[in-house]
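Q: Next input, structure requested:
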Amino acid sequence: MQTPPELKYAASHEWLAGDGTVGISDFAQDQLGDVVYVELPEVGRVVTAGETVAVVESVKTASDIYAPASGTVTAVNEALSGTPELVNSGPYEDGWLFKLDVTEESGDLMDAGAYAAANT
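A: Numbers count the residues shown, from 1 in each chain. As a prediction, the model looks like this:
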């Protein structure tokens, strides 16, 4: 399981980069299996940390994606509409979900070590 050390992680398996980029962890995409559809938020939407903001559907299940921080959605990964499997092949690179202009991070975010320890 990859857990890049520069990211922060939610117990619900979302990651947050310093620039406000959000995605799901390698652990989460592995548990989901083959991703077949991603429903992304609208650009401009104001979200609160912990709020359901997107949905990832796989051959196994559909999973809600929660905002790891409060802020405004500034971009979404349009590539996922045609190639949702990017979430599986590159959860920290091409498979990111959306970007936030962060106003406040969730107080429950973990560093990579704590997240990895919680999911082994």
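
Q: just the helices in this protein please.
A: In the chain, the segments counted as helices under DSSP state H are 26-32, 86-89, 112-118.

Q: Quick check: which of the ones you listed is nearest to Thr74?
A: Nearest to Thr74 among the helices of the chain is helix 86-89 (19.4 Å), distances taken as CB to CB. No exception for glycine: its C-beta is placed from N, CA and C like everyone else's.

Q: Rebuild the helices of the chain as TSV, extending it with distance to Val59, mean neighbour count and mean pLDDT.
A: Listed next are the helices of the chain as TSV, based on distance: least, CB to CB, whole Å; neighbours: other CB atoms under 10 Å; pLDDT from 0 to 100:
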stretch	distance to Val59	mean neighbour count	mean pLDDT
helix 26-32	9	19	96
helix 86-89	11	18	98
helix 112-118	25	15	96
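
Q: is it possible to export these to JSON lines including distance to Glu51?
A: As requested, the helices of the chain are exported to JSON lines (distance: least, CB to CB, whole Å):
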{"stretch": "helix 26-32", "distance to Glu51": "18"}
{"stretch": "helix 86-89", "distance to Glu51": "20"}
{"stretch": "helix 112-118", "distance to Glu51": "20"}
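
Q: Which of these sits closest to Glu42?
A: Of these, nearest to Glu42 by CB to CB is helix 86-89, at 19.2 Å.

Q: still on that earlier bit, nearest to Asp101, of the helices of the chain?
A: Nearest to Asp101 among the helices of the chain is helix 86-89 (22.6 Å), distances taken as CB to CB.

Q: how far out from the middle of the chain is that closest one?
A: Between the centre of helix 86-89 and the centre of its host chain there is 12 Å, according to CA atoms, centre = their mean, to the nearest Å.

Q: And it, what does it pack against?
A: Counting contacts by 3 or more CB pairs under 8 Å, 6 or more residues apart in numbering; DSSP states H and E, helix 86-89 packs against helix 26-32, strand 35-39.

Q: Report the distance from the first one to the chain centre.
A: Going back to what we said before, that points to helix 26-32. 11 Å.
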